[in-house]
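Visitor: My questions concern the predicted model and sequence given below.
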Amino acid sequence: MTLFSKSILLLSLGLLCAACQPSEPEVQRESGPPSLVGQWTWVESVGGMMPNPTPVTPATAGFTETLVFEAGGTFQRLRDGAVEETKGYALRTDTLAGQVEYTLVFADESTRTLRFPAADTLVIDERAYDGPASTYVRRSADGRTN
């Protein structure tokens, strides 16, 4: 191999190496909870201070309940369509023991733990060992539950 051929080969290898930059590792991002904004219809509640294995439902309780979360941070709780409660809220994300936890923080500083077992299902737990858990389903724009 001539000196010219060796120079071309080395130059080619140098350009090839310079062109190959190590790629940045892909970062796995947490996908947050489904959007809380919208209307949620109560399905059932279980637990409480006196453990009750029988879920309480709108049919057994004799009323319906709807939660409304607005994008601007306003929360309303309606019973049988009438507003029972209005207050501000924020959603906080925490990591505890490697697990992501979503916390609903109200303007009065009370908190609830949120779980999303499915995109259109919301479970709200009180922060207590024997606290009740209530399940809600997202209501669509036409007023039906999903």
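Guide: Perfect, thanks for sending it.
Visitor: Neighbouring strands - and their directions - for the lengthiest strand in the chain?
Guide: Across the chain, the longest stretch assigned as strand under DSSP state E is strand 82-96. Strand pairing for strand 82-96, using DSSP bridges, gives strand 74-79 (antiparallel), strand 99-106 (antiparallel).
Visitor: Pull the residues that contact it.
Guide: 30, 32-33, 36, 69, 73-78, 100-108, 114 (CB atoms under 8 Å, 6 or more residues apart in numbering). The C-beta positions use only the backbone N, C-alpha and C, and glycine is treated the same way.
Visitor: would you put the C-alpha positions of the helix or strand harbouring Val123 in PDB?
Guide: Following DSSP states H and E, one finds Val123 within strand 121-125. Once non-C-alpha atoms are left out, strand 121-125 reads as follows in PDB (Å, rounded to 0.1, in the frame of the first residue of the first chain):
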ATOM      1  CA  THR A 121     -61.700   5.700  36.700                       C
ATOM      2  CA  LEU A 122     -60.700   7.700  39.700                       C
ATOM      3  CA  VAL A 123     -60.300   6.300  43.300                       C
ATOM      4  CA  ILE A 124     -60.100   8.800  46.100                       C
ATOM      5  CA  ASP A 125     -58.700   7.600  49.500                       C
END
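Visitor: Could you export the strands paired with strand 82-96 as TSV, including mean neighbour count and mean pLDDT?
Guide: Listed next are the strands paired with strand 82-96 as TSV, based on neighbours: other CB atoms under 10 Å; pLDDT from 0 to 100:
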stretch	mean neighbour count	mean pLDDT
strand 74-79	15	97
strand 99-106	14	89
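Visitor: Just put these in CSV and tack on distance to Thr41.
Guide: CSV is the format used below for those (distance: least, CB to CB, whole Å):
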stretch, distance to Thr41
strand 74-79, 10
strand 99-106, 17
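Visitor: what does the strand holding Val123 rub up against?
Guide: 36, 40, 104, 112-117, 131-138.
Visitor: That strand vs strand 99-106, what angle?
Guide: 80 degrees (axes from the mean of the first three to the mean of the last three CA atoms, to 10 degrees).
Visitor: Could you name the helices and strands sitting against the helix or strand just after strand 121-125?
Guide: Beyond strand 121-125 in the direction of the C-terminus, DSSP H and E gives the next helix or strand as strand 133-139. Applying 3 or more CB pairs under 8 Å, 6 or more residues apart in numbering; DSSP states H and E, we find strand 133-139 packed against strand 38-46, strand 121-125.
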